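**Student:** fold the following for me, if possible:
(one chain, ligands or ions: 1)
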Amino acid sequence: MSNGLVVALSGGVGGAKLALGLSRVLAPEDLLIVANTGDDFEHLGLSISPDIDTLTYVLSGLDNQVLGWGRRDETWSFMETIATLGGESWFRLGDRDLALHVERTRRLRAGQTLSQITRDVCRQLGIAQRVLPMSDDPVRTRVRSDEGWLDFQDYFVRRQCKPVVHELVFEGAAQARPQADVLTALASGTVRAVVICPSNPFISIEPILAVPGLRDALARCGAPVVAVSPIVGGRAVKGPTAKMMQELGLTISAATAARRYDGLLSGYVVDPADADDVRGLSATIKTAPTLMTDLATREALARIVLDLADSLAPRR
Ligand code: GDP
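**Tutor:** Have a look, this model is predicted:
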């Protein structure tokens, strides 16, 4: 019997770690993962959805654990060849990974939605959980930096997050419609918990919350909203989360990440090392080890998040 639906909001690498943990402790039909598409872009004529792809590779066990992104057993003939032609090689696309982008692009051009394509890819890869984009309409994160306005992947990959960030905008978000099945699920009255994965708040979770109606639907679904801090021991585990906090004039702390979700959070899981930082937040704090180094720590954190959510659930 179902224990209720868990709706997880996720970016790429950090988010997918907890999403995998959740997938191992929940029945497949009880997990719906809402993926950020603000990182999506068009490159070499292809439609690329990095966070959806990270989630699908991780959940299917096809992820490249050596690189920490992309597909396992990857080869690079395409990249090497395009470089010899003087083509663009700054965004690395492995040969196997390339097939997914080619297939997605073909289907988008034929008029199918990103949701349909993602659903089918998940089925093909043996993923029983639902992974859905936050919207089928294009949303594109752009960065105002000391080098001017940059498209997200220009900032993130080509410039390796080196430019100083002054502002982030989610182009298209104001016109984007939330993915319909996500809204239906949130309105169903069957949601057990909303989990905000330990993703970068600025570029992975805020684009999701910027889709009109989604934040409200999350707040009104009747279930506790629990986040895991992406800041562990006062530092980002990986990526530009801490750097962005500093450049945006914010304190680098677990509390800063939580404040990005003000009005939404009922529970917050932080590392014991960050306990002092989060005093004064209105969310219920649970301290626990939040560094996910292997499958066991992913599962353990997933259980802690669900226990916290259940302890905060309104009595029905
Ligand atoms: P991206 O879209 O690939 O950049 O990935 P996300 O936004 O989903 O995740 C990036 C964030 O994940 C960074 O802020 C990291 O600090 C955080 N992160 C990565 N691994 C872990 C982990 O094991 N535990 C926690 N708590 N955070 C993590």
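
**Student:** from here on, contacts and neighbour counts on C-alpha atoms
**Tutor:** OK.

**Student:** distance of Val195 relative to the ligand?
**Tutor:** Here Val195 is placed at a distance of 13 Å from the ligand (CA to the nearest ligand atom, to the nearest Å).

**Student:** before we move on, what about Leu301?
**Tutor:** According to CA to the nearest ligand atom, Leu301 and the ligand sit 9 Å apart.

**Student:** list the contacts of that residue.
**Tutor:** Applying CA atoms under 8 Å, 6 or more residues apart in numbering, we find Leu301 in contact with Leu18, Gly21, Ala288, Pro289, Thr290, Met292.

**Student:** how about these in JSON lines, adding secondary structure?
**Tutor:** Shown next, in JSON lines, are the contacts of Leu301 (DSSP: H, G, I helix; E, B strand; the rest coil):
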{"residue": "Leu18", "secondary structure": "helix"}
{"residue": "Gly21", "secondary structure": "helix"}
{"residue": "Ala288", "secondary structure": "coil"}
{"residue": "Pro289", "secondary structure": "coil"}
{"residue": "Thr290", "secondary structure": "coil"}
{"residue": "Met292", "secondary structure": "coil"}
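
**Student:** which secondary element of this protein has the worst mean pLDDT?
**Tutor:** strand 235-236 (a mean of 95; mean pLDDT, DSSP states H and E).

**Student:** quick one: the strands in the stretch 201-316 of the chain?
**Tutor:** For the stretch 201-316 of the chain, the strands defined by DSSP state E, counting those that start in this stretch occupy 225-228, 231-232, 235-236, 267-270, 284-287.

**Student:** how about the nearest residue to Ser253, chain neighbours excluded?
**Tutor:** Excluding its sequence neighbours, the residue lying closest to Ser253 (CA to CA, 6 or more residues apart in numbering) is Gly234, at 5.3 Å.

**Student:** could you do Ser23 as well?
**Tutor:** Leu31 (6.8 Å).

**Student:** from Asn3, how far out is that neighbour?
**Tutor:** Leu31 sits at a distance of 10 Å from Asn3 (criterion: CA to CA, to the nearest Å).

**Student:** among those two, which residue is more densely surrounded?
**Tutor:** Shown here are Leu31 and Asn3; by other CA atoms under 10 Å, Leu31 has more neighbours (23 against 12).

**Student:** which parts of stretch 247-258 are buried?
**Tutor:** Judged by neighbour count using 16 or more other CA atoms under 10 Å, the buried positions of stretch 247-258 are Glu247, Ile252, Ser253, Ala254, Ala255, Thr256, Ala257, Ala258.

**Student:** on that earlier part again, the least confident helix or strand of the chain pairs with which strands?
**Tutor:** Strands that pair with strand 235-236, judged by DSSP bridges, come out as strand 231-232 (antiparallel).

**Student:** no more questions from me, cheers.
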